[in-house]
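J.: Just to be clear, the model below is a prediction. Sequence and coordinates:
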Amino acid sequence: MNYDDFFADAIARLWHERRYRVFADLERIAGRFPHAVWHSPQGPKNVVIWCSNDYLGMGQHPKVIGAMIETATRMGTGAGGTRNIAGNNHPLVELERELADLHRKEAALVFTSGYISNETGISTLARQMPNCLILSDAWNHNSMIEGVRQAHCEKQIFRHNDMAHLEELLAAANPHRPKLIVFESLYSMDGDVAPVNRICDLAERYGAMTYVDEVHAVGMYGPRGGGISERDGAASRIDVIEGTLAKAFGCLGGYIAGSNTLIDAVRSYAPGFIFTTALPPAVCAAATAAIRHLKTSQWERERHQNRAARTKAVLTAAALPVMRSPAHIVPVFVGDPERCKEASDLLLADHGVYIQPINYPTVPKGTERLRITPSPYHDDGLIDALAEALVDVWQRLGLPFKERAHAAE
């Protein structure tokens, strides 16, 4: 038996479904973001990155880089193992205190990624509540779906941002049964925002806990960067706030914040926390520096919103099929996986514009798109050049402009 045949068949299926993914070899240069070097098959080429989740460019901020270098020089590179064996490195303790303060919670717990914080956080919390019912938004991220699945308890899916449906499910549940509502504050593929306060109203009315994923909002919304829940004055009403250190904060890792008792329970029972190596001290120090900076600096958030608004306006004026979004995400509709990949390839090869295609299963089939994420450092010239490049690619591929795209939305 040739076991590689099984894997070859699996890869062939992805090719047949036009879902095989190819990753560009990119070299970001600190101080030049969003400019980067693409190591193409023909050699190095300068490109502009238009789809990074380092939304505010904090991965290149001098305070963040300085904190990482200083801490690595002083404490070394690794964490020494799991916290159960190696203990807490002090920068990690400081980071968790900073995160708890960011969200005005009693405590926080850091994981190795935002994915793990959702997967193990949701499943561990639900397993501690006998006969727990999980109510999950239909558009939740895969990490949340996996967390719900691994909880091994009953789940009910409510239609995306549909408060009437959520209330219907809550009203039908036993009022004495533990219930956990899990949702995102900002859905990253469409850029739409959850009605956080309305969800909290329902949770309070029907005795449910709330768990919100703020990974695409922390650092970017609210007066101190606490996310949509802070912006909307709802943070104190949310039981668990989950976030990432890898997007607006420009580093690595994920976390949850909540009450002392809740966080201690997850710390004590979560396999995804207990059995994995902790974040290195230098990464923790860098993340802390980013959080502290964004708690007081408004420039990044204000400039970011300005750049996102201008990008939407310029692309819309060019009749490109920009999907409506109230947030900083700028999705441009394509609707076909192969042509989405072709558009991405042409933009990179002919225009030096890097935008990764977004295909199934990240988005439903037939809604394939280019997901554009402006940063504070995309100036007017780069935005205008992006519009010109997209128009050229749309014309060459015969892709529909906005009249037909509106119908597709």
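T.: Sure thing, it's come through.
J.: can you map out the strands along the stretch 151-300 of the chain?
T.: 154-158, 179-184, 209-213, 240-244, 254-258 (DSSP state E, counting those that start in this stretch).
J.: list the helices and strands the last one packs on?
T.: On a contact count with 3 or more CB pairs under 8 Å, 6 or more residues apart in numbering; DSSP states H and E, strand 254-258 meets helix 90-102, strand 107-111, helix 114-127, strand 240-244, helix 260-269. Where C-beta positions appear, they are placed from N, C-alpha and C, glycine not excepted.
J.: Adjacent strands (with direction) for that strand?
T.: strand 107-111 (antiparallel), strand 240-244 (antiparallel) (DSSP bridges).
J.: what mean pLDDT does the first one have?
T.: If I follow you right, that is strand 107-111. Mean pLDDT, computed over strand 107-111, is 98.
J.: what's the angle between that strand and helix 90-102?
T.: 130 degrees (axes from the mean of the first three to the mean of the last three CA atoms, to 10 degrees).
J.: picking up where we left off before, so which of the strands paired with strand 254-258 comes closest to residue 121?
T.: Among the strands paired with strand 254-258, the nearest to residue 121 by CB to CB is strand 240-244 (6.2 Å).
J.: Which residues outside the closest one are in contact with it?
T.: 99, 103, 105, 113-114, 117-118, 121, 125, 209-215, 218, 227, 229, 235, 253-258, 262 (CB atoms under 8 Å, 6 or more residues apart in numbering).
J.: Can you tell me the closest non-neighbouring residue to residue 66?
T.: Leaving aside its chain neighbours, residue 66 sits nearest to residue 289 (7.4 Å; criterion: CB to CB, 6 or more residues apart in numbering).
J.: quick revisit: closest one to residue 335 among the strands of the stretch 151-300 of the chain?
T.: Distance to residue 335, taken as CB to CB, is lowest for strand 179-184 among the strands of the stretch 151-300 of the chain, at 23.6 Å.
J.: from the chain's centre, how far out does that closest one sit?
T.: The chain centre lies 17 Å from the centre of strand 179-184; the measure is CA atoms, centre = their mean, to the nearest Å.
J.: got the CA positions of that strand in CSV?
T.: What follows is strand 179-184, C-alpha atoms only, in CSV (Å, rounded to 0.1, in the frame of the first residue of the first chain):
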residue,chain,number,x,y,z
LYS,A,179,-26.6,29.0,28.3
LEU,A,180,-23.5,30.4,26.5
ILE,A,181,-23.9,32.9,23.5
VAL,A,182,-20.8,33.0,21.3
PHE,A,183,-20.4,35.6,18.6
GLU,A,184,-17.9,37.9,17.0
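J.: and that strand, average pLDDT?
T.: Strand 179-184 comes out at a mean pLDDT of 98.
J.: ok, it: who's next to it in the sheet?
T.: Strand 179-184 is paired, per DSSP bridges, with strand 133-137 (parallel), strand 209-213 (parallel).
J.: Please identify the buried residues of the first one?
T.: Right, the one you point to is strand 133-137. 133, 134, 135, 136, 137 (16 or more other CB atoms under 10 Å).
J.: Can you tell me which of the helices and strands packed on strand 254-258 is most buried?
T.: strand 240-244 (a mean of 28; mean count of other CB atoms under 10 Å).
J.: Dump the helices and strands packed on strand 254-258 into a markdown table; add distance to residue 11 as well.
T.: Listed next are these as a markdown table, based on distance: least, CB to CB, whole Å:
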| stretch | distance to residue 11 |
| --- | --- |
| helix 90-102 | 39 |
| strand 107-111 | 30 |
| helix 114-127 | 23 |
| strand 240-244 | 30 |
| helix 260-269 | 37 |
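J.: of the ones you listed, which approaches residue 382 most closely?
T.: Once those are compared by CB to CB, strand 240-244 is nearest, at 25.7 Å.
J.: now, which of the buried residues of strand 133-137 sits nearest residue 356?
T.: Set against residue 356, the nearest of the buried residues of strand 133-137 by CB to CB is residue 137 (24.5 Å).
J.: Mind listing the residues bridging to that closest one?
T.: Applying DSSP bridges, one finds that residue 137 bridges with residue 158.
J.: That one touches residue 158, doesn't it?
T.: Yes - at 6.3 Å, residue 137 counts as touching residue 158 under the criterion of CB atoms under 8 Å.
J.: how near is residue 291 to residue 99?
T.: 7 Å (CB to CB, to the nearest Å).
J.: list residues touching both of these two?
T.: Joint contacts of residue 291 and residue 99 (CB under 8 Å, 6+ apart) do not exist.
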